[in-house]
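# Predicted model follows, preceded by the sequence.
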Amino acid sequence: MEYNILDSIDLNDPAIYKSFTERYFSKRYLLNVNGIKNNDIMLMFHSNRITLICLAPSHFFFKKNDNYTLNFNIGKVDRLSNQVKGKGKKGGQALFPDSAICKVEWGDKTAFTIPCGMRGTLVEINEKLVKYPQLLKESPDSDGFIAIMLSSIAITDATKKELITHEEYLKIVNV
Amino acid sequence: MNPKAVYKYCKHLGCCEACCLRYMGIKNPNAYENVANFVLKYQDEVDKPMRVIEQSQNIASKITDTKENLFDVSIREDLNNSNGNSLDINGADRKISNGDSDTNPPPSKRRKLDICVSCLGVLQEDNWMEGYVLVKDILFKKRYECATFACALSAPITTLLRERAITLRLADEFPGYDDKILTALKEAWKWSFGVKLATEINKTLDSGAISPLLITLNYDYADDLQELEILKQVSPQLFEERSKQKRRFVTEFTRRSVEQALQNASLQSLRAAGGGLACAGARAMCVGAVCTHAPNYLAGRYIKLSRHLPQSPWILEGKRVLPSSVQEIIYKPLADLYNLAAEQADGRLKLIAAGREDVDVRCLGEGRPFAIEITDPTRQLTPEELASACEHISKSGEVIVKQIVPITREDLIQLKKGEETKSKTYEAICIKLSHSKYDDVSPDSPIKVTPEDLARINSFRNTARNTKDTENNIENSKSICNISGGIKDTTDNLDNCESMHQDDKDTSGVPLRSPDNFGTVKEPNSQDVKDATDILDNSTPLKVKLADNPDNPNDDKNNEIDLSVNVLEIKNRETDAESDIVDTLKSDQNVLDSPDSSRDFLDTSVEVRESENRNNCEDIRIMIQQKTPIRVLHRRPLLTRTRHILELKAVEVPDHPQLFRMFVRTSAGTYVKEWAHGELGRSRPSLGDVLGAKVDMLALDVTAVHLQWPPQ
């Protein structure tokens, strides 16, 4: 018996070509956060409620052509020193919808912060952003994600319901 | 010490015949089987005539009278003592535990001599019927085919207290009496009740170490706990400590705590507390029987042919996501053979597998080793039945099991060990999603997997080659791939490592040929050449730079892995490798010309030989760091794990220029999918990092789980 791997999949089925984020995540958007125009955040919810915090493509960040650095020191807390223990991710920094996850500092000395958009626990900061801040601009919805957070099932579900879906977002942004 | 005197004394205390024998230290099973006959020789002439018709109530009361006459002083003392002292303890307890003696009834009522003061009736044949009935009832329902059984007794705990109360008296009465000679209640019970039970249920009584069928009988004695209360006086410290640690000691009186309390008890302390030998108000009743058969274990390997089949039922928020699972398919025929309903099967059968593959991953080759634990089986399945079970499983079309054999519990260790230590071989279809940073083409041109890409994958390593091992491993290593049109279902074969590496070279593109023995993929790129030179000139432990390209931040430019390697060794290998290149250069072109030629050197079938030290001397080609994948991060701790790619080979897919077929053998616990696409940089260096391009995986098959199973 032979079970050729090529015969086991339908190469014409577009579903198999979905990207990693398309396969596992559903995207939700927060627009004009804190009343700041185009302060747009994208939360990517994995089916297991792990959530990635990203910048939405419509964020004003992408319109500005200037050098920038990322600062993970928010007030008294250093996001990079975040550590979680065990299955329950104990010890992770507590996040609230308005908590800044990261600060983007432009070459012209202006700056803005990125809010995390949901209550939960910080699991992991994308450390690659420290070495390669350009990832934030180049692939904001994949390797340039900002952080991973985990929230309760209740909060995750409620937030998912409340926020703008990907389809709605596309309509709004195109207008 | 005169046995007859001990017998008589025990009798006087109110022991049954069997218990008398126990205190005399009789260890002969036959004695207990025929107690009435055996005790004749210890009886006085006066007692004998009455023994014959002992069962009759009339005579029993006559014996009572006789006994009353023979009561010795110490027993009377006991009784008085227990009265006197219990007045000092709190009233409620006393009323219950020593109710009879409190009211000072006439002697005949006060001592119910038909209830043994030691075993509380457990050894007395008149009381056995209820036990037989309970056991027969269960056996009738469960229908075990097992021809043997072992029996276990759960007696009232106060029998321990009573035993101690009696042995202390015996030691007092007969200097030199050793309480170690006491025959345990459960032994005497097995030799008497157990033997009779055997004929009742038509099975052979055997020891618990031999027979898998265990019949446990539970006896309840109404005054059990009240009688034990006196131990709080005998050993107050013990129970105070236990009550302080309520969480640790949930119940006050356990077999263990009572044993501890009695350990240092003296006759004086027992008497002071009430004597511990109150006469039984009612006999211990057999209130329950439990029959359990030790689990049976079956072993096999399953082949999973579906990309829509989870290993265990996939239920999300109470709803099934997919209609079936490997587990259910394997359970079905076994449940039928055991006449188990579907719901029962879930509780009684347990699938233990050497790891698991994702829903959308097939498991081919010889399949994944698994075992089934059958809890409380009624019988052992025959080889014919097991063969028919395999047939049924394979009929599903989604799972194939070729053979199921019975194994022992000990064999499971191999299975679990295998999950943690044995390597796995995979085949995958991957897709190149962007131009490689090495591609020298227009950004708009179609993305193609180039021979250079394949060569890069096939020669990449970020570790020093373990040359010694290559030789040691020749006989042990497995063929990573078998690409002549598909995986044969016999693919479990080993190629030897030497040929594996030979393979790497054979398919390497000529211009990219690199001495594939060290950290950087040495490209004809001045930066890399410089790195390599640095390495060679450096005589301290080395820091190896992974693929280095300033243009692509996805690369772990600064991800340095410390490798303490002796530079001299590297230099030597460098030389060897270079001569290898020359040898292989000639054949390279041929290989690339004909895609099928790979068959020639990959299809070498060598018998599988697992070696324990295989993992110790494995040639690790790529060391990778994997963070806990996001897809399991919600239920596993966040950790960065080091995993190994042991063998890796990529070939083109005819007619699909953007795809390549990959064969990879990894150490246990490697997340292959995440390694391929890099999972947002959380797994590195990824396959994409090696290629300098975005890569994803379209399909994955496990082609071999390298574990000898079922055990031979």
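Perfect, thanks for sending it.
# Please make it C-alpha for all contacts and neighbour counts, starting now.
Fine.
# Go ahead and confirm A:Lys137 touches A:Lys64.
No: with contact defined as CA atoms under 8 Å, A:Lys137 does not reach A:Lys64; the gap is 10.4 Å.
# and the two? which has more neighbours close in?
A:Lys137 (14 against 10; other CA atoms under 10 Å in any protein chain shown).
# A helix includes the more buried one, no?
Yes: counting by DSSP: H, G, I helix; E, B strand; the rest coil, A:Lys137 falls inside a helix.
# B:Asp689 sits in which helix or strand?
helix B:687-691 (DSSP states H and E).
# for that helix, packing partners?
Packing partners of helix B:687-691 (3 or more CA pairs under 8 Å, 6 or more residues apart in numbering or on different chains; DSSP states H and E): helix B:451-459, helix B:672-677, strand B:695-705.
# Give me the mean pLDDT for it.
Mean per-residue pLDDT for helix B:687-691: 94.
# Likewise for stretch B:169-179?
89.
# So which residues on chain A come close to chain B?
A:1-6, A:9, A:16-17, A:19-20, A:46, A:48-50, A:84-89, A:123, A:128, A:132, A:135, A:142-144, A:150 (CA under 8 Å from any CA of the partner chain).
# List the ones among these that fall in strands.
A:His46, A:Ile50, A:Val123, A:Leu150 (DSSP state E).
# how much space is there between B:Leu349 and B:Leu340?
Using CA to CA, to the nearest Å, one obtains 10 Å as the distance from B:Leu349 to B:Leu340.
# between the two, which one's more packed in?
A direct count of neighbours by other CA under 10 Å for B:Leu349 and B:Leu340 places B:Leu349 higher, at 23 against 18.
# Just grab the bridge partners of the more buried one for me.
Legend: beta-bridge partners of B:Leu349 under DSSP bridges are B:Ile374.
# From chain A, how far out is it?
28 Å (CA to the nearest CA, to the nearest Å).
# How about B:Leu231?
Counting by CA to the nearest CA, the gap from B:Leu231 to chain A is 45 Å.
# returning to what we had before: looking at the helices and strands packed on helix B:687-691, which is buried most?
strand B:695-705 (a mean of 25; mean count of other CA atoms under 10 Å in any protein chain shown).
# Report all helices and strands that it contacts.
Against strand B:695-705 (3+ CA pairs under 8 Å, 6+ apart) you get strand B:361-374, strand B:424-432, helix B:672-677, helix B:687-691.
# got TSV for those, with distance to B:Val234 too?
Listed next are those as TSV, based on distance: least, CA to CA, whole Å:
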stretch	distance to B:Val234
strand B:361-374	46
strand B:424-432	63
helix B:672-677	65
helix B:687-691	73
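# Tell me if I'm right that B:Ala165 and B:Ala278 touch.
No: with contact defined as CA under 8 Å, B:Ala165 does not reach B:Ala278; the gap is 10.1 Å.
# quick one: B:Leu139 and B:Cys151, what's the gap?
Counting by CA to CA, the gap from B:Leu139 to B:Cys151 is 13 Å.
# Between the two, which has more neighbouring residues?
Remark: of B:Leu139 and B:Cys151, B:Cys151 carries more neighbours, 25 against 17, as counted by other CA under 10 Å.
# Ignoring the adjacent residues along the chain, who's closest to that one?
If you skip the residues right next to it in sequence, B:Cys151 has B:Ile215 as its closest partner in space, 4.6 Å away by CA to CA, 6 or more residues apart in numbering or on different chains.
# Downstream of the one helix or strand that neighbour maps to, the next helix or strand is which one?
Take DSSP H and E as the rule and B:Ile215 turns out to sit in strand B:213-220. For strand B:213-220, the following helix or strand on the C-terminal side (DSSP H and E) is helix B:224-228.
# helices or strands up against that next one?
Counting by 3+ CA pairs under 8 Å, 6+ apart, helix B:224-228 packs on helix B:91-97, helix B:158-173.
# Now do the first one, average pLDDT.
Mean per-residue pLDDT for helix B:91-97: 39.
# Same check on stretch B:224-243?
87.
# Stretch B:146-164 now?
Per-residue scores along stretch B:146-164 average to 94.
# now do stretch B:195-208
So the average pLDDT for stretch B:195-208 ends up being 93.
# Next, count neighbours for residue 156.
Since you didn't name a chain, this refers to chain A. 20.
# not what I meant, chain B
22.
# give me the element it is part of.
Per DSSP H and E: nothing holds B:Pro156, as it lies in no helix or strand.
# which residues touch it?
B:Tyr219, B:Asp220, B:Tyr221, B:Asp224, B:Ala284 (CA atoms under 8 Å, 6 or more residues apart in numbering or on different chains).
# Now neighbour count and distance to B:Ala345 too, for those, in TSV please.
Below are those laid out as TSV (neighbours: other CA atoms under 10 Å in any protein chain shown; distance: CA to CA, whole Å):
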residue	neighbour count	distance to B:Ala345
B:Tyr219	22	31
B:Asp220	18	33
B:Tyr221	21	37
B:Asp224	18	39
B:Ala284	24	37
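# how much space between the residue nearest to A:Phe96 when sequence neighbours are not counted and chain B?
Closest residue to A:Phe96 apart from its sequence neighbours, by CA to CA, 6+ apart: A:Arg119 at 4.2 Å. Plainly put, A:Arg119 is 16 Å away from chain B if you go by CA to the nearest CA.
# Contact partners for A:Arg119?
Counted by CA under 8 Å, 6+ apart, A:Arg119 has contacts A:Ala94, A:Leu95, A:Phe96, A:Pro97, A:Ser151, A:Ile155.
# between those residues, which is nearest chain B?
Closest approach to chain B among those (CA to the nearest CA): A:Ser151, at 9.7 Å.
# count of neighbours near that closest one?
20.
# which stretches of chain A have low pLDDT?
A:1, A:175 (pLDDT under 70).
# can you do 80?
A:1-2, A:175 (pLDDT under 80).
# What segments of it are helices?
For chain A, the helices defined by DSSP state H cover A:20-24, A:128-131, A:135-138, A:153-162, A:166-174.
# And the last one, what does it pack against?
If you count contacts as 3+ CA pairs under 8 Å, 6+ apart, helix A:166-174 packs onto strand A:25-30.
# Report all helices and strands that the strand it packs on contacts.
With 3+ CA pairs under 8 Å, 6+ apart as the test, strand A:25-30 has strand A:41-46, strand A:164-165, helix A:166-174 packed against it.
# and of those, who's closest to B:Ala155?
strand A:41-46 (56.0 Å; CA to CA).
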